[in-house]
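Participant: give me a 3D structure for the following:
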Amino acid sequence: MKDESIIRNRAKILAAIGNAKAFLEVAREFGSFDSYVWKFDDKDLLSKDLKRRGFRFVGPTIVESFMQAVGIRNDHERTCYRWAELTRRRTSTPRDRGSRQQAQAP
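Facilitator: Numbers count the residues shown, from 1 in each chain. Reported below is the predicted structural model:
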């Protein structure tokens, strides 16, 4: 808490520790966190399911940014070179199984 070079918000520190534990549990349950997260197309569904699994600080805005960063969501304009690149990459990766379904929280 006294180290000025890191986040010193107690809630965020505790959330980071709790999220790491939840991450490991999800990875154990689904084989990997990657396998779990790529089942979602909707930021709200993913956010709610992460919260249900004990994650904190994972609201829809944060989740949407994550989904964009890892390529689950491709919000680039169709004329942007990144749109085509991400679309090609997504269809050529094994995690995109073509018949992906949105994961539903039980």
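
Participant: which stretches of this structure have low pLDDT?
Facilitator: For the chain, residues meeting the criterion pLDDT under 70 lie at 89, 91-106.

Participant: tell me where it has strands.
Facilitator: Shown for the chain, no strands are assigned by DSSP state E.

Participant: need the contact partners of the longest helix seen in it.
Facilitator: The residue-count maximum for a helix in the chain (DSSP state H) belongs to helix 10-30. By C-beta atoms under 8 Å, 6 or more residues apart in numbering, the surrounding residues in contact with helix 10-30 are 1, 7, 33, 36, 50, 53-58. Placement of C-beta: from N, CA and C, glycine included.

Participant: please repeat the previous calculation with a cut-off of 10 Å.
Facilitator: 1, 6-7, 9, 32-39, 49-51, 53-58, 103 (C-beta atoms under 10 Å, 6 or more residues apart in numbering).

Participant: what are the buried residues along it?
Facilitator: 15, 19, 22-23, 26 (16 or more other C-beta atoms under 10 Å).

Participant: tally of neighbours for Arg56?
Facilitator: 16 (other C-beta atoms under 10 Å).

Participant: any idea how far the closest residue to it other than its chain neighbours is from Ala22?
Facilitator: Using C-beta to C-beta, 6 or more residues apart in numbering and skipping residues adjacent in sequence, the residue nearest Arg56 is Ala15, 3.9 Å away. Per C-beta to C-beta, to the nearest Å, Ala15 is found 10 Å from Ala22.

Participant: over to Tyr81?
Facilitator: The spacing between Tyr81 and Ala22, counted by C-beta to C-beta, is 36 Å.

Participant: for this structure, what spans make up the helices?
Facilitator: Counting by DSSP H, the helices of the chain are 10-30, 33-37, 43-52, 60-70, 81-92.

Participant: next, the angle from the longest one to helix 43-52.
Facilitator: Helix 10-30 and helix 43-52 are oriented at 100 degrees to each other (axes from the mean of the first three to the mean of the last three C-alpha atoms, to 10 degrees).
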